[in-house]
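Engineer: Pasting a predicted model and its sequence here:
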Amino acid sequence: MLKSEFFDKNIKAMKMSFNAELGKKLGKIKEAKKFDLIFNKDPLNLNIIELKTREKIYENPLKELEEKLKFIDEKRSLNPVLFFYGVGNGFLYKALLQNKTHQKIIVFEKDLELLFLALNLSDFSEDLANNRLIFILNKEMSTNPLRAFQLFQYHMSSLLYRSYFLEIHSIYYEKQRKDILELNRINKNAIIDLSLRNGNDPQDATQGINQFIQHLPKMLTHPTLHNLLDKRQNKAETAIIVATGPSLTKQLPLLKKYAKRASIFCLDASYAILAKENIKPDYVLSLERVEATSKFFDNDFKEFDKDVLFILPTLTHQKTLTYIEKNHREYMLIPRLLPLAQELKLKEFGFSNGWSVAHMAYSIAWALEHKNIILIGQDLAFAKDGTTHSKDYPRGLETAKREIGALMQTELKAYGGKGKVKSTKIWSLFRDFYEQLIYLSKNQCTTYNATEGGARIEGAIEKPFKELCETLLKKDIKKPLPKPKALPRSKQNELMLQSYKKLKSYIKASESLGKECKKLSNQIKTITQGNTQKHSLESVCQNIEAFKNKIGQKRYYYLSEILGPSTFHSESLLSPLYLTSVKNDSDRQNKLVAWIYANEAWVDEIYNLIFMQNGVIKRAIVPLRETLEKRKVL
């Protein structure tokens, strides 16, 4: 089949949408060569045949179309987002798009030619242009680690994560079972990833907010990330990131030999191990807020600490700073990429991001414009003897084994690509995020995995550490590296005052929002306690939705760190009720009542969380206020 007028309109629309890259590929096809069309008297009774196998997409196109539409109407009529595997002739999606309840239809397809045919048979241009219809080639999902994450982050609300289901277009596609299972795995991992990014414990968020605000004066009086990058970009071609996996021990002799020829990024748990071997890193990094991480710094290596820069999150535990300052170590604090920190707009200090401290190290090594990044000790898997960390791990191998052993287990592709290794779900997510970073940085630097064990990290070139040292590390670099500086005192004062005023404004705004939340809670209780005269079901439901919309506004973004976990998980749990069909007035009344009851506990929790965060800010702001008063700025 040659191109039709529909095709040109569709391709033009795709160029302005999520489908832009796919549109470019489809635009290069002149005609279908692997498939042909089988026309019938009824235009909707159109079939497609695979020329090589003589297999048809449908047994009875019109009947299957009617049956699938009926099924969707009965089972998925309220789903704002529908997922399908296989495009077929495209008529199913043209019909489903007539129902405005379906805000998005996402179709995965393995064969580019089948998409070409569908785009020639129907005009999808309007829905393609506004991302209401999204076509995704399977290969995009497997080769681009970010694709699934982008898809679910931007095109599906948290309310609907639990409703994800991949419908198979027709029997023809069941032969692609392996591809379907892999696609489901990728999609579900993306959903889990996004769920975890929303947090699962307001108490953790509260601890982080408390420690972040308390440490603002120290962050603002120490070197900035921007100054670090300015001083040290392009000072070394190669960075080595030293993790703490079981395979690290065998790499230590080579690391010691070549340490002066690369930037050494050491994770917090690896520092004591390197100190024991007298391998001086340039950077020691930490990411966590918990006290357990502080123990990695409860040591004094005397002269060895000199010229080592400790890069910590601003929300680090107080004991971490106590140990760091006690031994006069050079350090800087970087905010994590979290809502409250973002809202303070302290751009000079940048942000740290990622699931693990290894991701943080990689991001900084990339930002410092290293051309090569080598990973060692990054196993992300159990060793054959069951150990989880390197010999001399500071917290003890048995402690680590017990803690890691309690996590949900899985298997990952082994380093080298042959066989599987035992791992955990958390490590699997760490690997996924690493793959995203490597994909994003591939045009600026080359990543090598010289772990020589553990799990494979796609995108990283697997090579022996010895070979990389001999080929990439030819000469010493000038060490110690230039020292980063703090901002001038006047600028420090300006940013401290700016932060103080913003935090005070958040306290005031939260008090007002809390009162609105309490008012809504009282309205809900008039219904749940049997007094339906004072407020109608419709008005209470409308007020619930209005409040949800309000806390989602940008001016309340500073609260989303603590409200996010509760809101996200509540919305996810409510999805089955939200998608329940309503056939008559009785069903509608029952659904309204159920919706009010289902939201009652959530509204009360939000009220408590708003005032919890307010109390934390009021207490944690004291060191900032005292510093401003001492400097005679306030």
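Structural biologist: Thanks, I have it.

Engineer: doesn't residue 179 fall inside a strand?
Structural biologist: No. Residue 179 is assigned helix when assessed by DSSP: H, G, I helix; E, B strand; the rest coil, not a strand.

Engineer: I'd guessed it sits against residue 86; true?
Structural biologist: No. Between residue 179 and residue 86 there is no contact under C-beta atoms under 8 Å: 10.3 Å. (Each C-beta comes from the backbone N, C-alpha and C, glycine too.)

Engineer: Those two: who's more crowded?
Structural biologist: Legend: neighbour count by other C-beta atoms under 10 Å for residue 179 and residue 86, higher for residue 86 (22 against 17).

Engineer: For the more buried one, give its distance to residue 64.
Structural biologist: For residue 86, the distance to residue 64 equals 12 Å [C-beta to C-beta, to the nearest Å].

Engineer: now swap in residue 460 and tell me
Structural biologist: As for residue 460, its distance to residue 64 is 44 Å (criterion: C-beta to C-beta).

Engineer: Please say which of these two ends up with more neighbours.
Structural biologist: Legend: neighbour count by other C-beta under 10 Å for residue 460 and residue 64, higher for residue 460 (21 against 18).

Engineer: Could you tell me how many residues sit around the nearest residue to that one once chain neighbours are set aside?
Structural biologist: Using C-beta to C-beta, 6 or more residues apart in numbering and skipping the chain neighbours, the partner closest in space to residue 460 is residue 449 (3.9 Å). Residue 449 is flanked by 26 other residues according to other C-beta under 10 Å.

Engineer: need the contact list for residue 449.
Structural biologist: Counting by C-beta atoms under 8 Å, 6 or more residues apart in numbering, residue 449 makes contact with 375, 378, 415, 456, 457, 460, 461, 462, 463.

Engineer: mind running it again at 6 Å?
Structural biologist: 375, 457, 460, 462 (C-beta atoms under 6 Å, 6 or more residues apart in numbering).

Engineer: The first one touches residue 241, doesn't it?
Structural biologist: Yes. With contact defined as C-beta atoms under 6 Å, residue 375 reaches residue 241; the gap is 5.3 Å.

Engineer: which residues of the stretch 101-250 of the chain fall in strands?
Structural biologist: Using DSSP state E, counting those that start in this stretch, the strands of the stretch 101-250 of the chain run over 104-109, 133-137, 166-168, 238-242.

Engineer: looking at the ones you listed, which is closest to residue 423?
Structural biologist: strand 238-242 (19.0 Å; C-beta to C-beta).

Engineer: Any buried residues in the helix or strand that contains residue 293, and which?
Structural biologist: In the assignment (DSSP states H and E), residue 293 maps to helix 291-294. Across helix 291-294, burial judged by 16 or more other C-beta atoms under 10 Å covers 293, 294.

Engineer: partners of the next helix or strand after it in the sheet?
Structural biologist: Using DSSP H and E, the helix or strand that follows helix 291-294 in sequence is strand 309-313. Here strand 309-313 has these sheet partners by DSSP bridges: strand 283-285 (parallel), strand 330-334 (parallel).

Engineer: How far away from the center of its chain is the longest one?
Structural biologist: The reference is to strand 330-334. Averaged C-alpha coordinates place strand 330-334 at 25 Å from its chain's average position (C-alpha atoms, centre = their mean, to the nearest Å).

Engineer: contacting residues around it?
Structural biologist: Outside strand 330-334, the residues that touch it by C-beta under 6 Å, 6+ apart are 219, 222, 223, 225, 309, 310, 311, 312, 314, 324, 350, 352.

Engineer: Give me the distance between the residue nearest to the fourth one when sequence neighbours are not counted and residue 501.
Structural biologist: Beyond its immediate neighbours in the sequence, the residue positioned closest to residue 225 (C-beta to C-beta, 6+ apart) is residue 350, lying 3.5 Å away. When distance is defined by C-beta to C-beta, residue 350 is 22 Å away from residue 501.

Engineer: higher neighbour count, those two?
Structural biologist: Neighbour tally, residue 350 and residue 501, criterion other C-beta under 10 Å: the higher count belongs to residue 350, 18 against 11.

Engineer: ok, now how distant is that one from residue 230?
Structural biologist: Taking C-beta to C-beta, one finds residue 350 at 12 Å from residue 230.

Engineer: I figured residue 506 hits residue 557, correct?
Structural biologist: No. The criterion here is C-beta under 6 Å, and residue 506 misses it with residue 557 at 10.4 Å.

Engineer: returning to that earlier point: the contacts of strand 330-334: which two are farthest apart?
Structural biologist: Farthest pair in the contacts of strand 330-334, by C-beta to C-beta: 324 and 350, 19.5 Å.

Engineer: still on that earlier bit, ok, the contacts of strand 330-334 vs residue 82, which is closest?
Structural biologist: residue 352 (37.6 Å).

Engineer: Show the pLDDT at the closest one.
Structural biologist: pLDDT, residue 352: 91.

Engineer: So what's the residue count around it?
Structural biologist: 27.

Engineer: Which phi and psi values does it adopt?
Structural biologist: Per-residue torsions, residue 352: phi -100, psi 150 (degrees, to the nearest 10).

Engineer: Below-threshold pLDDT in the chain: ranges please.
Structural biologist: For the chain, applying pLDDT under 70 flags the ranges 1-2, 155-162, 196-200, 531-533.

Engineer: how does it divide up, domain by domain?
Structural biologist: 5-197, 488-630 (automatic domain parsing).

Engineer: The residue lying closest to residue 172 once chain neighbours are set aside: how many residues sit nearby?
Structural biologist: Nearest residue to residue 172, sequence neighbours excluded (C-beta to C-beta, 6+ apart): residue 57, at 4.7 Å. The number of residues packed near residue 57 is 24, by other C-beta under 10 Å.

Engineer: Residue 49 falls within a strand, correct?
Structural biologist: Yes. Assigned with three-state DSSP, residue 49 falls within a strand.

Engineer: Any idea what it is bridged to?
Structural biologist: With DSSP bridges as the rule, residue 49 is bridged to residue 36, residue 56.

Engineer: Tell me which residues touch it, please.
Structural biologist: Counted by C-beta under 6 Å, 6+ apart, residue 49 has contacts 36, 38, 56.
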